[in-house]
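K.L.:
Sequence and predicted model, in that order:
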Amino acid sequence: MRILLTNDDGINAPGLAVLEEIAAELSDDVWICAPSEEQSGAGHSLTLTRPVRMRKHGEKRFSVTGTPTDSVAMGLKQVLGGNPDLILSGVNRGANLGDDITYSGTVSAAIEGALAGVRAIALSQVYSREGMGDDVPFDAARQWGARVIRPLLGAPLPKRTLVNVNFPPIAASEVKGIRVVRQGFHDYSRSSVVEGRDPRGYRYYWFGLEAIEHTLDHGTDLEAIDEGFVSVTPLQLDLTHHASLGTLAERFEG
């Protein structure tokens with residue numbers, strides 16, 4: 001089985017090293033094509049206004065001066081010259097739960113794989129506020145990663161779908177199990193923009209990363225993580241709100 005690894009934290013991210021360990025439990029044909037620098041929050045963006053460059057770091061290991069989407073596209077078209085059997089994106093440093101997935105470069109890399117017809121899984125390690133910086137513990141992801149992925153390899157997933165996995169911010173021995181759940185909901189109305197001044201006196205603005213309010217609805221990824229479970233959420237690329245089609249169509253009749 002040929003596996004392509006990528007992420008949004010960059011080629012040197014500790015989470016990518018963890019993903020390499022996980023992938024090695026599944027296959028000996030593992031390739032890497034990841035952004036050269038951190039691209040967190042890049043979403044499903046594609047670089048169109050400047051050239052993208054690729055660097056080889058070793059056998060089966062490449063970086064791209066672009067987004068996670070660029071990295072997957074380059075991995076498929078330039079590195080592998082075709083589709084692998086599986087794309088794994090992560091392990092992200094931080095949660096990709098609820099509405100976070102719309103911003104997530106980690107999930108978007110998996111989306112690019114799904115668009116190409118490849119089975120794709122995004123993996124993220126949730127961490128507590130005490131685990132900021134480079135001290136995020138990946139113990140749960142490291143110990144539970146292959147255990148989560150193996151059952152997904154032969155699962156009958158429809159085309160243009162992917163799977164989003166999050167590991168709880170606890171020791172691997174404390175993880176209670178795995179739950180297949182739906183996407184939850186965050187209240188982003190409480191997010192903030194922090195204003196400051198640089199050494200030359202010019203204003204700058206930084207989006208705040210304080211805790212975001214959310215409701216732990218039953219059966220959601222947010223609830224699963226809060227209760228100490230690994231969350232597994234199937235996602236689809238069709239964003240159509242089908243229930244509204246008839247209502248809106250009536251507005252244009254007559």
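P.N.:
Yes, it's here.
K.L.:
Tell me the secondary structure of the closest residue to G10 other than its chain neighbours, please.
P.N.:
In this structure, G10 finds its nearest non-sequential neighbour in E38, 4.6 Å apart by CB to CB, 6 or more residues apart in numbering. In short, each C-beta sits where N, CA and C put it, glycine included. With DSSP: H, G, I helix; E, B strand; the rest coil as the basis, E38 sits in coil.
K.L.:
number of nearby residues for E38?
P.N.:
16 (other CB atoms under 10 Å).
K.L.:
again, but for S27
P.N.:
Around S27 there are 13 residues (other CB under 10 Å).
K.L.:
Test my guess that it contacts M1.
P.N.:
Yes. Here S27 lies in contact with M1, judged by CB atoms under 8 Å, at a distance of 4.5 Å.
K.L.:
rewinding a little: residue contacts, the residue nearest to G10?
P.N.:
By CB atoms under 8 Å, 6 or more residues apart in numbering, the contact list for E38 reads 8-10, 13.
K.L.:
so which of those comes closest to I87?
P.N.:
Closest to I87 out of the contacts of E38 is D8 (13.3 Å), distances taken as CB to CB.
K.L.:
ok now do the nearest residue to that closest one once chain neighbours are set aside, which residues does it touch?
P.N.:
Residue nearest to D8 in three dimensions, not counting chain neighbours: G105, with 2.9 Å by CB to CB, 6+ apart. Residues near G105 by CB under 8 Å, 6+ apart: 7-8, 35, 39-43, 67-69.
K.L.:
Return the members of these classed as buried.
P.N.:
Neighbour-count burial (16 or more other CB atoms under 10 Å) applied to these gives 7-8, 35, 39-40, 42-43, 67-69.
K.L.:
quick one: G98 and D221 touch, right?
P.N.:
Yes. Under the criterion of CB under 8 Å, G98 is in contact with D221, at a separation of 6.6 Å.
K.L.:
tell me, what's touching the two both at once?
P.N.:
Contacts common to G98 and D221, judged by CB under 8 Å, 6+ apart, are 183-184.
K.L.:
Give me the phi and psi for F138.
P.N.:
Here is the backbone geometry of F138 (degrees, to the nearest 10): phi -100, psi 20.
K.L.:
okay but it is in contact with G15, surely?
P.N.:
Yes. Counting by CB under 8 Å, F138 does reach G15; the two are 6.2 Å apart.
K.L.:
where do the contact lists of the two overlap?
P.N.:
With CB under 8 Å, 6+ apart, F138 and G15 have common neighbours 91, 125.
K.L.:
which phi and psi does the residue nearest to G10 have?
P.N.:
Torsion angles, degrees, to the nearest 10, at E38: phi -60, psi 140.
K.L.:
From P51, how far out is it?
P.N.:
20 Å (CB to CB, to the nearest Å).
K.L.:
just to revisit the earlier point, mind checking which of the buried ones among the contacts of G105 are in strands?
P.N.:
When DSSP state E defines the strands, the subset of the buried ones among the contacts of G105 inside them is P35.
K.L.:
could I get the buried ones among the contacts of G105 as TSV with distance to L115 and pLDDT?
P.N.:
Below are the buried ones among the contacts of G105 laid out as TSV (distance: CB to CB, whole Å; pLDDT from 0 to 100):
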residue	distance to L115	pLDDT
N7	18	98
D8	17	96
P35	18	98
Q39	18	91
S40	21	90
A42	16	91
G43	14	92
T67	14	97
P68	13	97
T69	9	98
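K.L.:
Do you know the pLDDT at D134?
P.N.:
Note on D134: pLDDT of 64.
K.L.:
do G131 as well
P.N.:
For G131, the predicted pLDDT is 48.
K.L.:
right, and the secondary structure at M74 would be what?
P.N.:
Looking at M74 with three-state DSSP, the answer is helix.
K.L.:
Contact partners for it?
P.N.:
So M74 contacts 33, 52, 54, 62, 64, 66 (CB under 8 Å, 6+ apart).
K.L.:
measure the third one to Q236 for me?
P.N.:
Right, the one you point to is M54. On the measure of CB to CB, M54 and Q236 end up 31 Å apart.
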